[in-house]
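Undergrad: From the sequence below, what's the structure:
(one chain, ligands or ions: 1)
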Amino acid sequence: MVDSSRIGSLDSKHFGFIESILMKQGVVAPIVTPDLVDDESRNFISPRDLSAKYEINAWKTRFQISVDVQHCFVLSANANAFAAYTPAVPNTYYIAIFLGALQSNVIFPKLIAHPAVRRLLGLPESLGEIDHPDEVVVLSTMVTSAFLWLVNHELAHIKNGHLHLSNRISHGMFSAEAMQLTNLQDNNLTQHTLEMDADSFASGRMVSWIIGYSAQHPHHPVLNNNMGAFRLFILSLYAIMRTFDRADWSVDNLLAYSHPPALIRCSSLATWGGAFLQQKPGIGIDLQSWLAEAAECIFAAEEALTGSRILQNHGDLRGFFFDGSERAPWNIYSDRMLSRWSKLRPELLPHLLGGVLAPAQASPL
Ligand SMILES: [Zn+2]
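TA: Residues are numbered from 1 along each chain as shown. Alright, predicted model coming up:
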């Protein structure tokens, strides 16, 4: 049972709904009030709460959205986040962030302590403890990037009407990770397509955030240029997505789960980011160096995470992109998603809360 003293700003109606989702998913962890400071795991929730509030308000202003978005945190060691909606409470949406996703004391320090990542970021050889001010900034940037990305990913599920579509397939909720559905290949193709739509939205928001962050740190050895800031972002995003991966991913069972694996999500985002950068030559990063850098970040993060035994190796997905044939599995997969997007878009449009949906003839990636 959840400690009722921790209900905080969620009233009992809201609280009960979130609790019922957690119970359905078999998650035994308390929902916590945003001002709780959890000393043991060193997760300071208050700044996260302010950041979440800021992002939600900025999103509402930007798209002129008037619905209520409640948010809360779940005190769980697992990484996750979800957006939810119930017809019982109209015009109200929910975002729950699992604090496991924000554990700055687990994944990210190990990531930046690894030689492959340090070389990539141009940091000197590790001396053990992360106490140098520059490294503290690196660490907090990675955790904050991952956190804000999760919030914006969930906001995209809300804004683009995904939750109304998903009511009939996933009990009115969308998670950012491995609350996987049963083996329903066709539903999972829909979910993969919507995940890619949410990923694209979140990353678009983060591009401008990161450029701003880089400008605020003109003397920092990593963040003093846009590419350095992007490197940190890709590393942190890959690391957080990678914690969502199932160990038994393979090209053959891609649609056995409701979410695409980290490699596919990050590769899609790198492709999308490249297209974005081509439209914004002022940022000063050309397409070829961007793609090469993004791949290097993904490989370095993978090496660090599996090399430090934080995560298990999963099936080699390189063959997914380059199997030597004209129709690599990736082409077949992305064509199926594109075709699914054409079908979903008209169903989503009546539920769009603001902004626009990607055109049907364009990839939602
Ligand atoms: Zn999602």
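
Undergrad: can we go C-alpha only for contacts and neighbour counts from here?
TA: Will do.

Undergrad: Tell me which residue lies nearest the centroid of this protein.
TA: By Cα atoms, centre = their mean, the chain has its centre lying nearest to residue 150, at 4.2 Å.

Undergrad: Please name the nearest non-neighbouring residue to it.
TA: residue 81 (6.8 Å; Cα to Cα, 6 or more residues apart in numbering).

Undergrad: Roughly how far does the one you found sit from residue 159?
TA: According to Cα to Cα, to the nearest Å, residue 81 and residue 159 sit 16 Å apart.

Undergrad: how far away is whatever residue of the stretch 1-150 of the chain ends up closest to the ion from residue 71?
TA: For the stretch 1-150 of the chain and the ion, the shortest gap (Cα to the ion) falls at residue 82, measuring 6.9 Å. Look at residue 82 and residue 71: by Cα to Cα, they are 10 Å apart.

Undergrad: overlap in contacts of the two?
TA: Residues touching both residue 82 and residue 71 (Cα atoms under 8 Å, 6 or more residues apart in numbering) are 95, 96, 97.

Undergrad: Pull the one helix or strand the first one maps to out as PDB, backbone CA atoms only.
TA: In this structure, residue 95 is located in strand 92-98 according to DSSP states H and E. This file holds the C-alpha atoms of strand 92-98, laid out as PDB (Å, rounded to 0.1, in the frame of the first residue of the first chain):
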ATOM      1  CA  THR A  92      -7.100  16.200 -17.200                       C
ATOM      2  CA  TYR A  93      -4.000  14.300 -18.100                       C
ATOM      3  CA  TYR A  94      -1.200  12.700 -16.000                       C
ATOM      4  CA  ILE A  95       2.500  12.300 -16.200                       C
ATOM      5  CA  ALA A  96       4.300  10.000 -13.800                       C
ATOM      6  CA  ILE A  97       8.100   9.900 -13.700                       C
ATOM      7  CA  PHE A  98       9.800   7.000 -12.000                       C
END
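
Undergrad: avg pLDDT for the helix or strand following it?
TA: For strand 92-98, the following helix or strand on the C-terminal side (DSSP H and E) is helix 107-113. What helix 107-113 shows for mean pLDDT is 86.

Undergrad: that older thread, the residue of the stretch 1-150 of the chain closest to the ion in helix, strand or coil?
TA: Following DSSP: H, G, I helix; E, B strand; the rest coil, we place residue 82 in the strand state.

Undergrad: Retrieve the pLDDT associated with it.
TA: 89.

Undergrad: try residue 158
TA: 94.

Undergrad: repeat for residue 71
TA: At residue 71, pLDDT is 90.

Undergrad: which residues touch it?
TA: Taking Cα under 8 Å, 6+ apart, one finds 52, 94, 95, 96, 97 in contact with residue 71.

Undergrad: again, only using 6 Å
TA: 94, 95, 96 (Cα atoms under 6 Å, 6 or more residues apart in numbering).

Undergrad: so which of these is the most crowded?
TA: residue 95 (26 neighbours; other Cα atoms under 10 Å).

Undergrad: Need the three-state assignment for residue 73.
TA: strand.

Undergrad: In space, what's closest to it - neighbours in sequence excluded?
TA: That would be residue 97: by Cα to Cα, 6+ apart, it lies 4.8 Å from residue 73.

Undergrad: Can you name the residues bridging to the one you found?
TA: Residue 97 has the following beta-bridge partners by DSSP bridges: residue 73, residue 81.

Undergrad: how far away is it from residue 48?
TA: For residue 97, the distance to residue 48 - Cα to Cα - is 10 Å.

Undergrad: Which one's more surrounded, these two?
TA: residue 97 (27 against 20).

Undergrad: Pretty sure that one sits against residue 81.
TA: Yes - with contact defined as Cα atoms under 6 Å, residue 97 and residue 81 form a contacting pair (4.4 Å).

Undergrad: what about the helix or strand hosting residue 264, distance to the chain center?
TA: Using DSSP H and E, residue 264 sits within helix 262-279. Its chain's average C-alpha position is 14 Å from that of helix 262-279, according to Cα atoms, centre = their mean, to the nearest Å.

Undergrad: ok, and for that helix, which residues are buried?
TA: Neighbour counts over helix 262-279 (16 or more other Cα atoms under 10 Å) mark 262-270, 272-274, 277 as buried.

Undergrad: Helices along the stretch 1-150 of the chain, start to end?
TA: Assigned by DSSP state H, counting those that start in this stretch, the helices in the stretch 1-150 of the chain fall at 12-24, 45-63, 107-113, 115-121, 133-159.

Undergrad: typed the wrong thing, it's the stretch 201-350 of the chain
TA: Counting by DSSP H, counting those that start in this stretch, the helices of the stretch 201-350 of the chain are 226-242, 262-279, 287-307, 318-321, 329-348.

Undergrad: which stretch in those has the least confidence?
TA: Looking at these, the weakest mean confidence is helix 318-321, a mean of 67.

Undergrad: Straight-line length of stretch 108-122, end to end?
TA: Terminal-residue distance, stretch 108-122 (Cα to Cα): 17 Å.

Undergrad: And the contacts of it?
TA: Residues from elsewhere that reach stretch 108-122 (Cα under 6 Å, 6+ apart): 300, 304.

Undergrad: Off-centre distance for that stretch?
TA: 21 Å.

Undergrad: Let me have the shared contacts of residue 82 and residue 71 in TSV, adding pLDDT as columns.
TA: Listed next are the shared contacts of residue 82 and residue 71 as TSV, based on pLDDT from 0 to 100:
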residue	pLDDT
95	91
96	90
97	88
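
Undergrad: out of those residues, which one sits closest to residue 236?
TA: residue 97 (16.5 Å; Cα to Cα).

Undergrad: Quick check: closest non-adjacent residue to the residue in the stretch 201-350 of the chain that the ion sits nearest to.
TA: Nearest residue of the stretch 201-350 of the chain to the ion: residue 259, at 7.8 Å (Cα to the ion). Excluding the flanking residues, the one nearest residue 259 by Cα to Cα, 6+ apart is residue 192, at 5.4 Å.
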